[in-house]
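Chemist: what's the 3D shape of this:
(one chain, ligands or ions: 2)
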Amino acid sequence: MTNLFESLKLEGLDIEPTVCARCGFCTFVCPAYLDTLWDSQSPRGKLYQLKSLIKENKPIPSDFASRIFYCTLCGACQEICQTNIPLLRFWQLTRQEIGKLEQWPEIVNYIDDSLQQTQNIMEMDQADRTLWTDMVDDLVEDRIGIQAEVAYFAGCNISFKGTLAHMGENTIKVMNAAGIDFTVLGDEEFCCGNPYFVAGGFDKGKELAMHNIKALKTLGVKTVVFNCPGCHRAFAEEYPHLLGKEVVEGLEFLPFSEFVLRLLRDGKIKFRKEYPHEVVWHDPCELGRHQNIYNPAREVLKAIPGLKLKEMKHNRNKARCCGGGGLLKGTYPVASVRVSARRIEEAEKTGATILSSECPSCTMSLNDGIENRQSKIQFKDLSQIVAEALDL
Ligand code: SF4
Ligand code: SF4
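Modeler: Ligands and ions are numbered 1, 2, ... in the order given. The predicted model follows:
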């Protein structure tokens, strides 16, 4: 048997369950608790159960392992925790412990096999990595694998899911309109490793991380642009932790919103057309609470003439999750849609006609929520609004 709770002990986090004051503030913000109303599913409840397991040096039983994966890793518990427990890292390391006990949920094992065999989460041939460029072939075909200071990193979801390809296409159109000399990695783009990081399989994500950094540096890249906050967080936060800060030195990682804001400030693009719509913004957890990035998207939207920006009751660091985080969409798809539908209900209350965000996972989940509620609100990814407002 492996050393129980070794990873928590190594980072000094094994004592955190004893730090919990059981105040219960975390219960009211936790999508998993709000979905089940079981205290055993709340952050407080899970810490209570873990306290005994750690104290008695007992392995995590399978039913409790499932509870740990019934979580979107939204970070709302960490944000509100009265005793400042670093809960996000704590849940990740608990998932790592579950992995060591070979109790990962089936979907995580499937993703693991797929990543080992194909370097992407879809079990697709890497040669098909540029399938997403179909509509913008003429803008991309001469750019694959070329030397350039700016790279676009599409990520597995945008690369292989036809319903998300428009996010990559719009980003390329914006780069083209701004006259940016950019490159894409093509089949040298491997999964960012975020599914491993979310499941606590840090070591397994190391090779992918190293490959991506090497591939970017070989092309002389200095700035990497992402539509996916999961990929962005992997590069900006997990890679330095995993590989060492020196390995990522010389590279900057920008979410789409921050990149567009820079283009606006540098005068490389300008919104001229009226966009007479009311838009409500949803903060992706992996950009917002996880990385404290809230303003760029709002500033971009405010720069569009005629657009009226609205906010939901729970916004910025208090934003509720879309339901797709933490692999919940794969582990508990029905519960994930219930969480998404709750977010849509909140968006509807603002009276906005368009709901926007910048994340492939949020895009899928929020669209599921719209379908579930038969809502009239329309979802548009930020790249779509920017491309429309620029008449691209
Ligand atoms: S990360 Fe989100 S879903 Fe998971 S326990 Fe915390 S509040 Fe609940
Ligand atoms: S908010 Fe923090 S201290 Fe309070 S019950 Fe939740 S985990 Fe424990």
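Chemist: poorly predicted segments of the stretch 251-392 of the chain, please.
Modeler: Counting by pLDDT under 70, the stretch 251-392 of the chain contains no low-confidence residues.
Chemist: per-residue confidence at the spatially most central residue of the chain?
Modeler: The centre of the chain sits closest to G230, judged by C-alpha atoms, centre = their mean, with a distance of 3.0 Å. Per-residue confidence (pLDDT) for G230: 98.
Chemist: again, but for M1
Modeler: 57.
Chemist: also the one 4 residues further on?
Modeler: Reported pLDDT at F5 in the predicted model: 96.
Chemist: adjust the sequence numbering to begin at 54 for everything that follows.
Modeler: Yes, from this point I'll number from 54; that puts the last item at F58.
Chemist: run a quick neighbour tally on it.
Modeler: Look at F58: counted by other C-beta atoms under 10 Å, it has 22 neighbours. Placement of C-beta: from N, CA and C, glycine included.
Chemist: hang on, it packs against D67?
Modeler: Yes - with contact defined as C-beta atoms under 8 Å, F58 and D67 form a contacting pair (5.4 Å).
Chemist: and the gap between the residue nearest to the centre of the chain and ligand 2?
Modeler: Look at G283 and ligand 2: by C-beta to the nearest ligand atom, to the nearest Å, they are 24 Å apart.
Chemist: the closest residue in space to that residue that isn't next to it in sequence and L261: what is the separation?
Modeler: Counting by C-beta to C-beta, 6 or more residues apart in numbering, G283 lies nearest to N247, which is 4.2 Å off, once chain neighbours are set aside. Computed as C-beta to C-beta, to the nearest Å, the N247 to L261 distance reads 9 Å.
Chemist: more neighbours: which of those two?
Modeler: Just comparing N247 and L261: by other C-beta under 10 Å the higher neighbour count belongs to N247, 26 against 21.
Chemist: could you list which residues are in contact with the more buried one?
Modeler: Contacts for N247 (C-beta atoms under 8 Å, 6 or more residues apart in numbering) come out as G258, G283, C284, R286, A287, E291.
Chemist: okay, and the common contacts of F58 and D67?
Modeler: I107.
Chemist: do you have the strands of the stretch 204-353 of the chain handy? List them.
Modeler: Taking DSSP state E, counting those that start in this stretch, the strands of the stretch 204-353 of the chain run over residues 235-237, 276-279, 305-308, 331-334.
Chemist: pLDDT at the residue nearest to G283, what is it?
Modeler: Note on N247: pLDDT of 98.
Chemist: up against ligand 2, what does the chain have?
Modeler: Neighbours of ligand 2 within the chain, by C-beta under 6 Å from any ligand atom: 73-79, 96-97, 100, 133-136, 138.
Chemist: how about a cut-off of 8 Å?
Modeler: Applying C-beta under 8 Å from any ligand atom, we find that the chain lies next to ligand 2 at 72-80, 95-97, 100, 130, 133-138, 140.
Chemist: you'd agree F235 is up against F206?
Modeler: No - with contact defined as C-beta under 8 Å, F235 does not count as touching F206 (10.8 Å).
Chemist: which of the two has more residues huddled nearby?
Modeler: More neighbours surround F206 than the other of F235 and F206, with 25 against 21 (other C-beta under 10 Å).
Chemist: how is this structure divided into domains?
Modeler: Following automatic domain parsing, one finds the domains of the chain at 59-153, 159-316, 324-442.
Chemist: measure the last one end to end?
Modeler: Domain 324-442 has an end-to-end distance of 6 Å (criterion: C-alpha to C-alpha, to the nearest Å).
Chemist: can you name the residue of the stretch 154-303 of the chain nearest ligand 2?
Modeler: At 19.0 Å from ligand 2, G253 is the closest residue in the stretch 154-303 of the chain, using C-beta to the nearest ligand atom.
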